[in-house]
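**Student:** below are the sequence and a predicted model; questions follow.
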Amino acid sequence: MPLNQDQVLAALRTVKDPELFKDIVTLGMVKQIDINDTAVHVRIELNTPTSKEIIEREARTALMQAGATTIKVETSPAPRAPSPTAGPQRAVLPQVKNIIAVGAGKGGVGKSTLAANIAVGLQRMGATVGLMDGDIYGPSMPTMLGIKGQQPEVRGPKIIPFHVHGIHAVTIGALVEQDKPLIWRGPMAHGAFKQLFSDNTLWPELDYMIVDLPPGTGDVPLTLCQLLPITGAVVVATPQQVALDDAVRAVKMFQQLGAPILGIVENMSYMPLPDGTVADIFGRGGAEKAAQNLNLPFLGALPLYTELRVNSDAGDPTKNFTGNPKLAEALNQIVQNLAGQVSLRNLRAPAPELNII
Ligand code: ADP
């Protein structure tokens, strides 16, 4: 029996977005339907790259049950962007769908490590991703991405981001003298960041831009957050109480700026030992509990892995996803939860606008 559009739509209404818990027709994700007798071709726009497999599988099953014999399900890996009609047109980085700031209450908790691995993880799931290294106090991206000592290509007055490990990256470390401290205050940082990260850089169209903020809640992270129309922020914390107090301050900073918190990541959660047991060094679960108390999403825990430190020092984050499966799983879980939170936020909220420019 030949199928009609209503039957195909009814079948697709049984498929739910795994993060948004609504069906893909109601969410407006079905962009095209072509029917030729019992051959059906549908095109679905995803909210997160991570939902690709499950939505493709369920759509195929639903269409088969409705009587389709030849099925083509095409999905775009693009995440949903904040509604362009909900706010004034963005003046800064309009080609970027989602800007995610990664912050921490203090240095050394693994903020840059997570920023780099979240960027690579999202890219590995099919998204187009940029990484902006704004940690002027200790730009570690040149080392972590394996581009130390390299200069970005320049076209006219503009910088072309590096293209490494599948992501587009700009690092302040490539533009300042190594081993010299940068002493910046708010107004100076404002001008320099604006030029470097938006006016003077040729970013391609991006699904996600991950911004590695300077640690803490001082002038400079504040300035960078105000400058960028951020979709939301991720706060990285280690689980011991003294670190959590700092993390709470970082959360408060984002909240005061009106930036939604997409979630908290617990880094250095514990250390797996060779005999299969774990060493609970900093008090596993502390950041998760803090997230609960603050009523914020918890994005996941990353244990201490020697490989992670070695791969970071060697400039090869891709290896974190292809080597130790437990490490890859912990990172992928964080990436998936984050992508889910971004899509939830975009469903609910209007486009973020600039606070100050
Ligand atoms: P931050 O950006 O917060 O200052 P970094 O990301 O630079 O911190 O991390 C500090 C150091 O700790 C780096 O050498 C990094 O490789 C290491 N590191 C971070 N997280 C882990 C982890 N989960 N396991 C092992 N080493 C880690």
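**Tutor:** Cool, got the structure.
**Student:** for the stretch 151-300 of the chain, list the residues in contact with the ligand, please.
**Tutor:** With the criterion set to C-beta under 6 Å from any ligand atom, the stretch 151-300 of the chain comes near the ligand through 215, 267-268. Quick note: C-beta positions are derived from backbone N, CA and C, even for glycine.
**Student:** buried subset of those residues?
**Tutor:** 215, 267-268 (16 or more other C-beta atoms under 10 Å).
**Student:** which among those gets closest to Asp23?
**Tutor:** When these are compared for distance to Asp23 (C-beta to C-beta), Asn267 wins out at 36.1 Å.
**Student:** I figured Thr171 hits Thr143, correct?
**Tutor:** No. Thr171 is beyond contact range of Thr143, at 9.8 Å (criterion: C-beta atoms under 8 Å).
**Student:** please verify my assumption that Ala39 contacts Ala68.
**Tutor:** Yes. Using C-beta under 8 Å, Ala39 makes contact with Ala68 at a distance of 7.1 Å.
**Student:** neighbour count: the two, which is higher?
**Tutor:** Neighbours were counted for Ala39 and for Ala68 using other C-beta atoms under 10 Å; Ala68 has more, 22 against 14.
**Student:** and the more buried one, helix, strand or coil?
**Tutor:** Secondary structure, DSSP: H, G, I helix; E, B strand; the rest coil: Ala68 is coil.
**Student:** contacting residues around it?
**Tutor:** 3, 8, 11, 38-40 (C-beta atoms under 8 Å, 6 or more residues apart in numbering).
**Student:** the ligand next: which of the residues you listed are close?
**Tutor:** Near the ligand, by the rule C-beta under 6 Å from any ligand atom, you find none of the contacts of Ala68.
**Student:** hang on, the earlier thing: settle it for me: which of Thr171 and Thr143 has more neighbours?
**Tutor:** Comparing Thr171 with Thr143 by neighbour count (other C-beta under 10 Å), the higher total belongs to Thr171, at 27 against 17.
**Student:** if I look at the more buried one, how far off is Asp207?
**Tutor:** 20 Å (C-beta to C-beta, to the nearest Å).
**Student:** roughly how far is the helix or strand containing Ala291 from the heart of the chain?
**Tutor:** In this structure, Ala291 sits in helix 286-293 according to DSSP states H and E. Here the centre of helix 286-293 is set off from its chain's centre by 21 Å, with C-alpha atoms, centre = their mean, to the nearest Å.
**Student:** pLDDT of that helix, averaged?
**Tutor:** Averaged over helix 286-293, pLDDT sits at 92.
**Student:** same deal with stretch 303-320?
**Tutor:** If you average the pLDDT over stretch 303-320, you get 97.
**Student:** which residues does that stretch contact?
**Tutor:** Taking C-beta under 8 Å, 6+ apart as the rule, stretch 303-320 contacts 113, 116-117, 120, 124, 140, 143-148, 165-166, 268-272, 278, 281, 302, 323-324, 326-328, 330-331.
**Student:** narrow those to those in strands?
**Tutor:** Counted as lying in strands by DSSP state E, out of the contacts of stretch 303-320, are 271-272, 278, 302.
**Student:** which one of the residues you listed is nearest the ligand?
**Tutor:** Closest approach between those and the ligand, by C-beta to the nearest ligand atom: Leu302, at 4.7 Å.
**Student:** ok, that closest one touching Ala328?
**Tutor:** No. With contacts counted by C-beta under 8 Å, Leu302 stays clear of Ala328, the gap being 11.3 Å.
**Student:** can you tell me the SS state at Val154?
**Tutor:** When classified by three-state DSSP, Val154 comes out as strand.
**Student:** quick one: it from Phe162, how far?
**Tutor:** For Val154 relative to Phe162 (C-beta to C-beta), the value is 12 Å.
**Student:** break this structure down into its domains, please.
**Tutor:** 5-78+347-356, 96-323 (automatic domain parsing).
**Student:** give me whichever of the ones you listed is most buried.
**Tutor:** Ranked by mean neighbour count under mean count of other C-beta atoms under 10 Å, the domains of the chain are led by domain 96-323, which reaches a mean of 20.
**Student:** follow-up on the earlier one: and the contacts of Ala68, which two are furthest apart?
**Tutor:** Comparing all pairs in the contacts of Ala68 by C-beta to C-beta, the longest separation belongs to Ala11 and Ala39, at 14.1 Å.
**Student:** what segments of the stretch 1-150 of the chain are strands?
**Tutor:** Assigned by DSSP state E, counting those that start in this stretch, the strands in the stretch 1-150 of the chain fall at 30-36, 39-45, 70-76, 96-104, 129-133.
**Student:** lowest average confidence, helix or strand, in this protein?
**Tutor:** Of all helical and strand segments in the chain, the minimum by mean pLDDT, DSSP states H and E falls on helix 186-193, at a mean of 73.
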